[in-house]
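S.K.: the following comprises the amino acid sequence and a computationally predicted model.
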Amino acid sequence: MPWAVGWDRQSMSFWAPALAGFSLGGGLIIAIGAQNAFVLRLGLLRSHIFVICLLCALSDALLIVLGIAGLGTLVQRSQLLLTIVTYGGALFLFVYGLMAFRRVFMPEAMKTAQKETPTLYAAIATALAFTFLNPHVYLDTVLLLGSFSAKYLAQERIAFGIGAITASFVWFFALGYGARLLAPLFSRPLAWQVLDVLIGGVMWTLAASLLLS
């Protein structure tokens, strides 16, 4: 029937770009980074999980929408904006990495970190900093997703963005609440030390990569 053929075409024009957006967005988000490490740690502590996962997903959604709307090109062309975000982000990552290494080599600090969870305001501020002080978010996610979406028409571009945003929500909530499955492992202090070494290494590696780039 003609109406059935038309419906199939409309369905394909939505699901094909939506799946492409989900795959590309998911691949970019899942890559280990400062934001993911922070969400994982809060998940293990069972502290403010819903709020932080929702905040990270909404922040990514905002950046994805801005990227599809053309912000990626603007950021790429602004040397001043790139410089400010690069040095600010590198400094923040270095300090947070230093705090992680401090917990490793100071057992008392590590025990305190396990017992005391950050306040909601501190967790929100840290999550926002990890998101918006990371130039890779603008250069990779915003620019790449924005550029890739340009090949689609208006409605298909919206579907692509919906797919990418859905991947962000799925990933952050899976990471935050899935961390509980690792709780038995992290009942031992050594596991926390290993995690903090990894977190500190990730933070300093990202900080160095920002400065070198």
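M.R.: It's in.
S.K.: the residue most central in space within the chain: helix or strand, and which one exactly?
M.R.: By Cα atoms, centre = their mean, the chain has its centre lying nearest to residue 35, at 4.8 Å. When elements are defined using DSSP states H and E, residue 35 is found to belong to helix 34-45.
S.K.: tell me how far that helix lies from the chain's centre.
M.R.: Centre-to-centre, helix 34-45 and its host chain are 11 Å apart (Cα atoms, centre = their mean, to the nearest Å).
S.K.: and it, what does it pack against?
M.R.: If contacts are counted by 3 or more Cβ pairs under 8 Å, 6 or more residues apart in numbering; DSSP states H and E, helix 34-45 sits against helix 49-69, helix 120-132, helix 154-178, helix 189-212. To be clear about C-beta, it is placed using only N, CA and C from the backbone, and glycine gets the same treatment.
S.K.: distance check, residue 51 against residue 190.
M.R.: Separation of residue 51 from residue 190 (Cβ to Cβ, to the nearest Å): 30 Å.
S.K.: who's more crowded, the two?
M.R.: residue 51 (15 against 9; other Cβ atoms under 10 Å).
S.K.: by mean pLDDT, flag the weakest helix or strand of this protein.
M.R.: Lowest on mean pLDDT, DSSP states H and E among the helices and strands of the chain sits helix 107-115, with a mean of 49.
S.K.: in JSON lines, list the helices and strands packed on helix 34-45 along with mean pLDDT.
M.R.: Below are the helices and strands packed on helix 34-45 laid out as JSON lines (pLDDT from 0 to 100):
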{"stretch": "helix 49-69", "mean pLDDT": "91"}
{"stretch": "helix 120-132", "mean pLDDT": "90"}
{"stretch": "helix 154-178", "mean pLDDT": "89"}
{"stretch": "helix 189-212", "mean pLDDT": "77"}
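S.K.: closest to residue 145 out of those?
M.R.: Shortest distance between residue 145 and those, using Cβ to Cβ, is found for helix 49-69: 4.8 Å.
S.K.: buried residues in the closest one, which are they?
M.R.: Using 16 or more other Cβ atoms under 10 Å as the test for burial, helix 49-69 gives 49, 52-53, 55-57, 59-61, 63-68.
S.K.: just want the angle from that helix to helix 120-132.
M.R.: Angle, helix 49-69 to helix 120-132, by axes from the mean of the first three to the mean of the last three Cα atoms, to 10 degrees: 30 degrees.
S.K.: for helix 49-69, packing partners?
M.R.: By 3+ Cβ pairs under 8 Å, 6+ apart, helix 49-69 packs against helix 34-45, helix 120-132, helix 143-149, helix 154-178.
S.K.: make CSV out of these and add distance to residue 90.
M.R.: As requested, the helices and strands packed on helix 49-69 are exported to CSV (distance: least, Cβ to Cβ, whole Å):
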stretch, distance to residue 90
helix 34-45, 11
helix 120-132, 12
helix 143-149, 19
helix 154-178, 24
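S.K.: surely residue 98 meets residue 199?
M.R.: No: counting by Cβ atoms under 8 Å, residue 98 stays clear of residue 199, with 11.0 Å between them.
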